[in-house]
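J.: pasting a predicted model and its sequence here:
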Amino acid sequence: SAGHGSTAPAAAAEASDAVMTAGEVTRIDARNGKLTIRHEEIKNLDMPPMTMVFGLKNPSLAAQFQPGDKVLFHAEDNNGVLTITRIQPAS
């Protein structure tokens, strides 16, 4: 159908959203909803492994983590601000 092609960008966005990056929480700023994470390469952002501060799309999640926690997360670059849109404990 003619409308089918218009769904391709959405499907691509969903695929990139599935990229989860492994990391270790080193610092928590629960008041400001930020986590400092020592992470592996973030393939969807073409970023090498490093330690940096990320904001949380849902800032209340910061309180669920402790320094030293191993996590899997998905980060997006929103106009130069790195935001974690999904995070979960690494099993």
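T.: Looks like it arrived, so ask away.
J.: which parts of stretch 66-73 are buried?
T.: 69, 71, 73 (16 or more other Cβ atoms under 10 Å). Any C-beta I mention is one placed from the backbone N, CA and C, and that applies to glycine too.
J.: show me where pLDDT drops low in the chain?
T.: In the predicted model of the chain, residues 1-18 satisfy pLDDT under 70.
J.: run a quick neighbour tally on residue 33.
T.: Close neighbours of residue 33, defined as other Cβ atoms under 10 Å, add up to 19.
J.: please disregard the earlier target; I meant residue 42.
T.: Using other Cβ under 10 Å, residue 42 is surrounded by 25 other residues.
J.: let me know the closest of the buried residues of stretch 66-73 to residue 39.
T.: Closest approach between the buried residues of stretch 66-73 and residue 39, by Cβ to Cβ: residue 73, at 7.6 Å.
J.: which element, helix or strand, includes the closest residue to that closest one other than its chain neighbours?
T.: Leaving aside its chain neighbours, residue 73 sits nearest to residue 87 (4.1 Å; criterion: Cβ to Cβ, 6 or more residues apart in numbering). Using DSSP states H and E, residue 87 sits within strand 81-89.
J.: strands paired with that strand, and their directions?
T.: Here strand 81-89 has these sheet partners by DSSP bridges: strand 50-56 (parallel), strand 70-78 (antiparallel).
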